[in-house]
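Colleague: predicted model and sequence below, questions to follow.
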Amino acid sequence: MGTAPSVTIERIAGALGAEISGLDVTAELDDDQIALLRSAVVEHKVVFLRGQSYATEHLVRLTHQLGGHGDTPFLESMPEHPGVVRVVKERDEGGLNFGGAWHSDWSFQREPPAFTLLWSIDVPPHGGDTLWSNQELAFETLSEGLRSTLEGLDVVHSAGWAYAADGVLARTAAGRSMQINTSDDALAEQIHPAAPTHPESGRRTLFVNPTYSVRFDGWTAAESAPLLSYLYTHSTREAFTCRFRWTPDTLAIWDNRSTQHNALNDYRGYRRELHRTTVAGSAPQ
Ligand code: SIN
């Protein structure tokens with residue numbers, strides 16, 4: 001009888017991110033392994049498992065084990081696998097890439113997803129890295145005065161800039177291989193605290209992002225712009241980030257409640273395909 005390999009977790013940067021080895025997510029994980037994985041994601045905010053042979057069934061099973069699918073608007077799921085989205089850019093495809101701006105997934109929802117899973121299938125030999133930024137660190141490194149101001153503020157979020165009928169993804173749709181259904185449903189607004197407390201770590205996090213945050217609740221967009229702009233710059237300072245170089249068959253899992261991420265678009269001439277799900281979350285508080 002073989003012995004189970006021990007799990008090792010190695011940090012990849014000072015601010016956040018860790019590679020996990022010794023866990024085989026192509027087989028069903030037991031409750032202890034799921035608890036370990038979940039606590040590693042909450043602690044390190046984004047984790048990477050390399051050498052995991054992709055199958056949609058593995059991605060769906062793990063998504064269920066971590067809490068079940070979140071709601072996935074605007075993006076076409078795989079017909080036989082609702083909630084599984086192909087994030088793909090073909091080698092001859094110019095223009096914008098999906099996820100190519102700092103954001104926290106679906107922060108415009110009433111209950112944004114707790115986690116996102118992204119599993120690489122086909123990646124460029126170089127380029128196409130993804131960046132993440134630690135939003136607990138971003139909040140903690142603000143002055144006491146700004147922290148206490150933000151604790152009393154709410155932020156309005158909307159998917160309009162990206163997904164409205166005249167949003168940036170509609171205006172740049174020509175030649176895109178990913179099926180994105182833009183619509184004015186994206187103009188709906190949702191209000192969240194600017195500095196909610198993470199329900200699992202118990203730490204405050206900065207919860208604003210330049211893709212979906214629109215203004216402070218009760219403030220005009222013009223009044224909000226200077227402070228939001230300061231926070232966008234602060235929250236993605238290099239010292240708060242990690243950068244991951246993909247290899248095929250790698251699974252990344254990140255915590256949307258404590259991170260933003262940004263997919264780089266520097267691989268023209270190469271194909272990139274990863275499959276993505278989100279795990280249901282709760283309303284930030
Ligand atoms: C995303 O924003 O979900 C996509 C990230 C990536 O493609 O690296």
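Modeller: That came through, no problem.
Colleague: which residue packs closest to the residue of the stretch 51-200 of the chain found nearest the ligand, ignoring adjacent ones?
Modeller: When scored by C-beta to the nearest ligand atom, the stretch 51-200 of the chain has Gly99 as its residue closest to the ligand, at 2.4 Å. (C-beta placed from N, C-alpha, C; glycine too.) Leaving aside its chain neighbours, Gly99 sits nearest to Ala263 (4.0 Å; criterion: C-beta to C-beta, 6 or more residues apart in numbering).
Colleague: hey, what's the one you found bridged with?
Modeller: Assessed by DSSP bridges, Ala263 has beta-bridge partners Thr130.
Colleague: list the contacts of it.
Modeller: Counting by C-beta atoms under 8 Å, 6 or more residues apart in numbering, Ala263 touches 97-100, 128, 130-131.
Colleague: widest-spaced pair of those residues?
Modeller: For the contacts of Ala263, with distances taken as C-beta to C-beta, the pair at the greatest spread is Phe98 and Leu131 (14.6 Å).
Colleague: contact partners for Leu251?
Modeller: 25, 48-49, 52, 59, 62, 117-120.
Colleague: give me the pLDDT for it.
Modeller: As predicted, Leu251 sits at a pLDDT of 98.
Colleague: identify the bridge partners of it.
Modeller: So, taking DSSP bridges as the rule, Leu251 has Leu49, Trp119 as bridge partners.
Colleague: where's it relative to Thr172, distance?
Modeller: Separation of Leu251 from Thr172 (C-beta to C-beta, to the nearest Å): 29 Å.
Colleague: residues near Gly152, how many?
Modeller: Neighbour count for Gly152, taken as other C-beta atoms under 10 Å: 9.
Colleague: and for the one 3 residues further on?
Modeller: Val155 sits with 27 neighbouring residues when counted by other C-beta under 10 Å.
Colleague: picking up where we left off before, just put the contacts of Leu251 in JSON lines and tack on neighbour count and distance to the ligand.
Modeller: Output for those, formatted as JSON lines (neighbours: other C-beta atoms under 10 Å; distance: C-beta to the nearest ligand atom, whole Å):
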{"residue": "Val25", "neighbour count": "21", "distance to the ligand": "18"}
{"residue": "Phe48", "neighbour count": "26", "distance to the ligand": "12"}
{"residue": "Leu49", "neighbour count": "21", "distance to the ligand": "15"}
{"residue": "Gln52", "neighbour count": "20", "distance to the ligand": "16"}
{"residue": "Leu59", "neighbour count": "23", "distance to the ligand": "14"}
{"residue": "Leu62", "neighbour count": "22", "distance to the ligand": "16"}
{"residue": "Leu117", "neighbour count": "23", "distance to the ligand": "10"}
{"residue": "Leu118", "neighbour count": "24", "distance to the ligand": "6"}
{"residue": "Trp119", "neighbour count": "27", "distance to the ligand": "11"}
{"residue": "Ser120", "neighbour count": "24", "distance to the ligand": "9"}
